[in-house]
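Engineer: Sequence and predicted model, in that order:
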Amino acid sequence: MIPLLGRTAVLLALAACAVGLVTGVVAAVRRSPEALRWSRWMAYAFFGASTLATGLMEYALLTHDFSVDYVAEVGSRSTPVWVSIVSLWSSLDGSILLWAFVLGLFMAVFAWSTKGRHPEQTPWALATVHFVGVFFAFLVAGVANPFGLVDPAPADGPGPNPLLQNHILMVVHPPMLYLGYVGMTIPFAMGAAALFAGRLDAAWTRALRRWMLVPWGFLTVGIILGGWWSYEVLGWGGWWAWDPVENASFMPWLTATAFVHSAMVMERKDQLKGWTISLVLATFLLTLLGTFMTRSGVFNSVHSFTQSPIGPVFLGFLGVCLVGSVLLVAARVDAMSPPKEGLAGPASREMAFLGNNLLFAAFTFTVLIGTVYPLLNEAITGKQISVGQPYFDRMSAPIGIGIVFLMGVGPVLPWGRVEGAAALRRLAVPAVSAVVALGLGLLGGQRSGWVLATIALSGFALGATVLEVIEPARARARALGEGLGTAFGQVLVKARRRYGGYIVHVGVLIIAVAHAVATATTEKTTVTLIEGGSTQVGEYALTYLGAESLDEPHRRSLVARFGVSRAGEELGVLAPRLNHYKTMGQPIGTPEVRSGLDEDLYLSLINVDPVARSASVDVLIEPLVWWLWFGGGVMSLGTVVAAWPARRRTAAVVAPAAAAVDGVPS
Amino acid sequence: MKLNWKVLLAGLLLVVPLIGVLASGFGRDPRGVSNQLEGKLAPDFTLTTMEGSPVTRSNLTGAPVVLNFWSTWCQPCRVEHPHLQQAAQVYGARGVRFFGVLYNDTPEAARPFLARNGSLFPTLLDPSQRVAIDFGVAGVPETFILHPDGRIVRKFIGPVSFADLSAVLEPLL
């Protein structure tokens, strides 16, 4: 029953998109409101049908309906309910179904929000979104059909990949990434629409920036949660390994970040239009590339799904989108470009933005080269190699530091032409805070040049950011006679986009410092202890208390317990474990971490010998790791502040005096 | 409409090689290691069946051999079991020799399982997992198909289907 219903829903979704695509194009070419209405309704229809299909699949997973192909592949009666729910994205076919559902969600909200607005661009944008929808619905209906019928139905299934059953973060990390990835379809469609229509006006630009900010925020959260998951689950104590699929999520993040900045130049100065739109298109294309990487079986990674026939089909779509985007930009970019006028002098904010964009583009290119180089090499020499962490670390450190530097310089520089001396004066406070940060770094025992440079420049950028936040509030307090707190709140509300951006910057700085310090100064030792035995690692004393075996329906776990104290103070028991899943030969560890504001103690169990009554464990002492996740939280908060829709009423009644001291709404 | 040739050229220069490189990756197994045994002579072994008769790999030449590492605690092994039985019925009659190798499991657990689910070919005991190590078995199920001359033609990781086996065995017969 479910296979039939599910398949019907998928085919309805495919039909809705196909109709939406045709009516969208007709609406754009003939300027027909009737056709536009159809295209919009087809977006709602696609959302409805894909929601139905996804709901049916969840129902089948929860009720263990093994007559459904996908359930027979990843379902199991022995897994807990939450694992059954998240099984939807544990394997290829289900994840594409989730993709279609998320696309439907974005599509419906977009169709609804553009109702009656942007008559020139909306039809093209809807047509483009439907075009992407047709492809994904086609995948779900064809090569990645999860609703195949299994007859006779098996009594039980293997359950999803054990790595995915190991931690609750698996519930949120993939959906966040999907919201980020799939959400990039909307800005792509909007960018393409601007090119098709040959017009990029201020209203469309503003809408585009908002629509980019939302998936950008999800992508940010998704990437950070992925790092956190890796840290909590994989047992090697790290959070980023330049794995192809990590890179795949990072590249669109980089281009989207570049866009968020160049869009400001575009809005204020009417420049960099072609470049900015290219960034929008590139972001979506990179998410497609990332999806291709995970699902084609061409790249080796902890993330790859099994080899599948989806690869060539996907590459075909990617190829069409890549070449199509290049043609579209080449054909239409001149229609959109403003009258030529050079960018202002070297010490202006737009130049800082330009520098930032060049760095982000270079970063993207560096990561892209490193990711596809193994393929390139094998195509030419026939030998398999891998591009390791050293390449990425060496290349990304200077670029990252450059970006942090510009995060300090950009905000303090005014728009337009400025006197060099005036610009230098504005850098005084940030410079002082850089020196303070450097001193703190040295006091904290940091000696590596890269780490110290990161700390100093982060201090510099933090100083600049704080200055930028406080100055307008002080000006307002003086001008209107308000208290500083009130003025600060008012300034924040009035220029939300700008201050949201600054909050994001603070989050990035926190992450930059934490990442640099933690990467440079983590200590790792392996100890083997006999039951009752103790050892000292750094400030910590570890006592092996014994191991026990824990039986659950889907796995058997070996739990080793270690008593831990730090400088004489008891910290309790840490219990890293090794899990033997019934479907996997090799055991999978679950490390246990004791997080602190200053450092984490990370225990990863390697082996338990019941005969010798001994246990071997990796002990890592990693400073500042907690701040990585905290920085991620700060970034999310900033994104919410920046992207929160403004109430239209308040925008209309801004008092002139307040508007004057608000400074430039960026 | 006027094409901006500079943009077009730069874009295509970036995009076309990228597509080419990605396309070249198809058919390549990124986990190349698992293929290293293919084409090589299978490691020799002598194991006993659950009934106690010895089987030596080097005496098996002359006909294709299907060697399936499995255990009763492995769910995918249950999934593939009927497929293996069907293949044994069809290809056993055409001379292919089928063997199971019990992996990390006991004959006490295997006997009732086989009695319940059917068993058309002998299961070998590998108590120290010596042979599993020689064959590089990382988990079960894994299935090796041996050429009549003793070389490993194909290794399957994960459950095999009748169609999988058939596709490899047909050309060998």
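Structural biologist: The structure has been received and is ready for your questions. Residues are numbered from 1 along each chain as shown, chains lettered A, B, ... in the order given.

Engineer: Smallest gap between chain B and chain A, at which residue?
Structural biologist: B:Gly139 (2.6 Å; Cβ to the nearest Cβ). (C-beta placed from N, C-alpha, C; glycine too.)

Engineer: Need the phi and psi values for that residue.
Structural biologist: Per-residue torsions, B:Gly139: phi -170, psi 170 (degrees, to the nearest 10).

Engineer: That one: neighbour count?
Structural biologist: With neighbours defined by other Cβ atoms under 10 Å in any protein chain shown, the count for B:Gly139 comes to 19.

Engineer: cool, B:Gly62 as well?
Structural biologist: Neighbours around B:Gly62, by other Cβ under 10 Å: 11.

Engineer: where's the closest residue to it other than its chain neighbours, which helix or strand?
Structural biologist: Leaving aside its sequence neighbours, B:Gly62 sits nearest to B:Pro148 (Cβ to Cβ, 6 or more residues apart in numbering or on different chains; 5.5 Å). B:Pro148 belongs to no helix or strand when assigned by DSSP states H and E.

Engineer: what's the pLDDT at B:Pro148?
Structural biologist: Per-residue pLDDT puts B:Pro148 at 91.

Engineer: Likewise for A:Ala646?
Structural biologist: At A:Ala646, pLDDT is 69.

Engineer: just A:Ala652 next, same as before
Structural biologist: 39.

Engineer: For the residue of chain B closest to chain A, give its distance to B:Gly158.
Structural biologist: 9 Å (Cβ to Cβ, to the nearest Å).

Engineer: cool, B:Leu165 as well?
Structural biologist: 13 Å.

Engineer: who's more crowded, the two?
Structural biologist: More crowded of B:Leu165 and B:Gly158, by other Cβ under 10 Å: B:Leu165, with 26 against 17.

Engineer: Check the residue nearest to that one when sequence neighbours are not counted and give its pLDDT.
Structural biologist: Distances taken as Cβ to Cβ, 6+ apart place B:Ala87 nearest to B:Leu165, at 4.4 Å, with adjacent residues excluded. What the model reports for B:Ala87 is a pLDDT of 91.

Engineer: again with B:Gly39
Structural biologist: So, for B:Gly39, pLDDT stands at 77.

Engineer: does the nearest residue to it once chain neighbours are set aside have beta-bridge partners, and which?
Structural biologist: Distances taken as Cβ to Cβ, 6+ apart place B:Arg151 nearest to B:Gly39, at 6.2 Å, with adjacent residues excluded. Note on B:Arg151: beta-bridge partners by DSSP bridges are B:Leu41.

Engineer: B:Arg151 touches B:Ala42, doesn't it?
Structural biologist: Yes: counting by Cβ atoms under 8 Å, B:Ala42 is a contact partner of B:Arg151 at 6.9 Å.

Engineer: Between these two, tell me which one has more neighbours.
Structural biologist: Between B:Arg151 and B:Ala42, counting by other Cβ under 10 Å, B:Ala42 is the more crowded of the two (23 against 15).

Engineer: tell me the contacts of that one?
Structural biologist: With contact set as Cβ atoms under 8 Å, 6 or more residues apart in numbering or on different chains, B:Ala42 has these partners: B:Arg57, B:Leu67, B:Phe135, B:Phe144, B:Leu146, B:Gly150, B:Arg151, B:Ile152.

Engineer: Derive a PyMOL selection command for the buried subset of those.
Structural biologist: A single PyMOL command selects the buried members of the contacts of B:Ala42 (16 or more other Cβ atoms under 10 Å in any protein chain shown):
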select buried, chain B and resi 57+67+135+144+146+150+152
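
Engineer: Quickly name whichever of the contacts of B:Ala42 is closest to A:Asp600.
Structural biologist: A:Asp600 lies nearest to B:Phe135 out of those, by Cβ to Cβ, at 40.5 Å.

Engineer: which ones are touching that closest one?
Structural biologist: B:Leu37, B:Ala42, B:Pro43, B:Leu67, B:Phe69, B:Glu142, B:Phe144.

Engineer: measure the last one to A:Ala335 for me?
Structural biologist: Distance of B:Phe144 to A:Ala335, given as Cβ to Cβ: 62 Å.

Engineer: Can you tell me which residues in the stretch 351-500 of chain A are near chain B?
Structural biologist: A:Val372, A:Leu375, A:Leu376, A:Glu378, A:Ala379, A:Gln384 (Cβ under 8 Å from any Cβ of the partner chain).

Engineer: Not counting sequence-adjacent ones, nearest residue to the first one?
Structural biologist: Which is A:Val372. Excluding the flanking residues, the one nearest A:Val372 by Cβ to Cβ, 6+ apart is B:Val21, at 5.4 Å.

Engineer: Next, the buried residues of the host helix or strand of A:Leu11.
Structural biologist: If you go by DSSP H and E, A:Leu11 is part of helix A:2-30. Neighbour counts using 16+ other Cβ under 10 Å place A:2-3, A:6-7, A:9-10, A:12-28 of helix A:2-30 among the buried residues.

Engineer: Kindly report the same for stretch A:170-189.
Structural biologist: So, applying 16+ other Cβ under 10 Å, buried residues of stretch A:170-189: A:170, A:173-189.

Engineer: Just the buried residues of the helix or strand A:Ala423 falls within, please?
Structural biologist: A:Ala423 belongs to helix A:420-426 when elements are defined using DSSP H and E. Residues of helix A:420-426 classed as buried by neighbour count (16+ other Cβ under 10 Å): A:Ala423, A:Arg426.

Engineer: Name the next helix or strand following it along the chain.
Structural biologist: helix A:428-443.

Engineer: what does the average pLDDT come to for the helix or strand that that next one is followed by?
Structural biologist: With elements assigned by DSSP H and E, the helix or strand that comes after helix A:428-443 is helix A:449-480. Averaging pLDDT along helix A:449-480 gives 90.

Engineer: Are there helices or strands packed against helix A:449-480, and which ones?
Structural biologist: If contacts are counted by 3 or more Cβ pairs under 8 Å, 6 or more residues apart in numbering or on different chains; DSSP states H and E, helix A:449-480 sits against helix A:389-412, helix A:428-443, helix A:484-494, helix A:496-521, helix A:656-661.

Engineer: remind me which residues of chain B are low pLDDT?
Structural biologist: B:1, B:27-36, B:75 (pLDDT under 70).

Engineer: what does it put close to chain A?
Structural biologist: B:1-5, B:7-8, B:11-12, B:15-16, B:18-26, B:28-32, B:73-76, B:78-79, B:103-104, B:137-140.

Engineer: Just those residues: which are in helices?
Structural biologist: Under the assignment DSSP state H, the residues of chain B next to chain A contribute B:5, B:7-8, B:11-12, B:15-16, B:18-24, B:75-76, B:78-79 to helices.

Engineer: Sketch out the helices for the stretch 101-250 of chain A, chain order is fine.
Structural biologist: Taking DSSP state H, counting those that start in this stretch as the criterion, the stretch 101-250 of chain A contains helices spanning A:122-141, A:162-165, A:173-183, A:185-197, A:202-233, A:244-269.

Engineer: Could the C-alpha coordinates of stretch A:202-214 be exported in CSV?
Structural biologist: Output of stretch A:202-214 as CSV, limited to C-alpha atoms (Å, rounded to 0.1, in the frame of the first residue of the first chain):
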residue,chain,number,x,y,z
ALA,A,202,17.2,47.5,-5.1
ALA,A,203,14.1,45.7,-3.9
TRP,A,204,15.1,42.4,-5.6
THR,A,205,18.6,42.8,-4.2
ARG,A,206,17.3,43.2,-0.7
ALA,A,207,15.0,40.2,-1.0
LEU,A,208,17.9,38.2,-2.5
ARG,A,209,20.1,39.0,0.5
ARG,A,210,17.5,37.9,3.0
TRP,A,211,16.9,34.7,1.0
MET,A,212,20.7,34.0,1.0
LEU,A,213,21.1,34.8,4.7
VAL,A,214,18.6,32.1,5.8
